[in-house]
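Asks: Need the 3D shape of this:
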Amino acid sequence: MVNKPKPIVAIFGGSFDPPHLGHQEIVHRAIKSLAIDRLLVVPAYLNPFKTSSFASAKQRLAWCHTLFDTIPSVEVVAYEILQGKSITTSQTIKHFNIDYDVKYLIVGADNLASLKRWHQFEWLNQTITWVIVTRDNYPLEVDSLQNYQLLPIEMPMSSTHIRQAIALDYVDKKIQTSVQKVLQGTQMNIEQRVENIVTILDDKKAEEIEVFNLENTDYIAKQVVIANALNSKHTLALFDHLKKGLKEKGESILASDLSDEWVVADLGDILVHIMIPEYRQRYSLETFLAELVETQEKNKDIDPA
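Replies: Below is the predicted model of the structure:
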């Protein structure tokens, strides 16, 4: 039995914070220029050289699907995001080499100065061909690269500038609108955003609203809001009211899990639970969250010496 050769792929990773039409142009050029069967777009959970990102991982993944899903032979892969932590490029390539032959790695010229600091750079340098997206004002420092080829792109390539200016000519309209909403949301601190949520729920007669600050714990969100609904019908009505109220404030719910008895709204760094009293009593979610906070406070008080 003859082993079937693995598909040859190129990987295009990054924060995509946000992705824009410059990124899309890179993908189109790479598909035409490289001898590959597929191009994998791999948004990072968090850049190993950064401590935070502008938009949440879920939002950036959704933006990538919006921008790249319609391009033939391109696949947006959530591998790094699903790990829930920073992943090195070498680890990602080893993961995809199980099913593919990862031949090319697409990087911007602005990354060249730091490549030697990448984890297992020597292994990467011997394993893949670097595809370098040229950018104005960035020198081509390629002396240390074993194999490389250039991919000239004549478009604005800075996600930072796009966040600042919302350049309509270079951002997909759906993403541009979404970025505007996220930008508006970031103008408020998390306490103000939670206060808005509490006000919106209280306005629609939610009961026993509690807020838990979990910023110093290992929980999946920084703040959690729990509220009682009067009955099953009221649960979904509260969610609809919350969704509408947040939209008016320039904020959106990234994901939700809906039932008549319990609704969870995910805003990335804030989770909102709306449930009927029977469910709240049965699952004692606030007890669990209070214990998390208490444990963290006790750990802070322990003298490490």
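Asks: show me what contacts residue 29?
Replies: Applying Cβ atoms under 8 Å, 6 or more residues apart in numbering to residue 29 gives the contacts 151, 153. Glycine gets a C-beta too; all of them are placed from N, C-alpha and C.
Asks: In a helix, it, correct?
Replies: Yes - counting by DSSP: H, G, I helix; E, B strand; the rest coil, residue 29 is part of a helix.
Asks: now it: how far from residue 63?
Replies: 20 Å (Cβ to Cβ, to the nearest Å).
Asks: What of residue 283?
Replies: Per Cβ to Cβ, residue 283 is found 34 Å from residue 63.
Asks: who's more crowded, these two?
Replies: residue 63 (26 against 13; other Cβ atoms under 10 Å).
Asks: just checking, the more buried one touches residue 19?
Replies: Yes - using Cβ atoms under 8 Å, residue 63 makes contact with residue 19 at a distance of 5.2 Å.
Asks: tell me the strands in the protein, going along the chain?
Replies: 8-14, 38-43, 74-76, 101-108, 129-134, 148-152, 207-213, 223-228, 255-257, 262-266, 270-275 (DSSP state E).
Asks: least reliable of these going by mean pLDDT?
Replies: In terms of mean pLDDT, the lowest-scoring of those is strand 255-257 (a mean of 82).
Asks: list the contacts for residue 140?
Replies: Contacts of residue 140 by Cβ under 8 Å, 6+ apart are 109, 112, 132, 134, 150.
Asks: which of those residues has the most neighbours?
Replies: Neighbour-wise, these (other Cβ under 10 Å) top out at residue 132, 23 neighbours.
Asks: any idea how far it is from residue 74?
Replies: According to Cβ to Cβ, residue 132 and residue 74 sit 20 Å apart.
Asks: Tally up the residues packed near residue 92, please.
Replies: 21.
Asks: again, but for residue 280
Replies: 22.
Asks: Renumber starting at 38 from here on
Replies: With 38 as the first residue, the last one maps to residue 317.
Asks: Check the gap between it and residue 228 for me.
Replies: Separation of residue 317 from residue 228 (Cβ to Cβ) stands at 24 Å.
Asks: try residue 289
Replies: Noted for residue 289: a distance of 19 Å to residue 228, by Cβ to Cβ.
Asks: neighbour-wise, which of the two wins?
Replies: residue 289 (15 against 11).
Asks: pLDDT wise, what is that one at?
Replies: 76.
Asks: Okay, domains of the protein per the record?
Replies: 45-223, 227-335 (automatic domain parsing).
Asks: Would you single out the least confident of these?
Replies: Minimum mean pLDDT among these: domain 45-223, a mean of 83.
Asks: returning to what we had before: taking the contacts of residue 177 together, which two end up most distant?
Replies: 149 and 187 (11.4 Å; Cβ to Cβ).
Asks: overlap in contacts of those two?
Replies: Common neighbours of residue 149 and residue 187 (Cβ under 8 Å, 6+ apart) are 169, 177.
Asks: Count the neighbours of residue 145 for me.
Replies: By other Cβ under 10 Å, the residues close to residue 145 number 18.
Asks: Roughly how far does it sit from residue 109?
Replies: 24 Å.
Asks: repeat for residue 302
Replies: On the measure of Cβ to Cβ, residue 302 and residue 109 end up 36 Å apart.
Asks: phi, psi of residue 255?
Replies: Phi and psi for residue 255, reported as degrees, to the nearest 10, are phi -90, psi 20.
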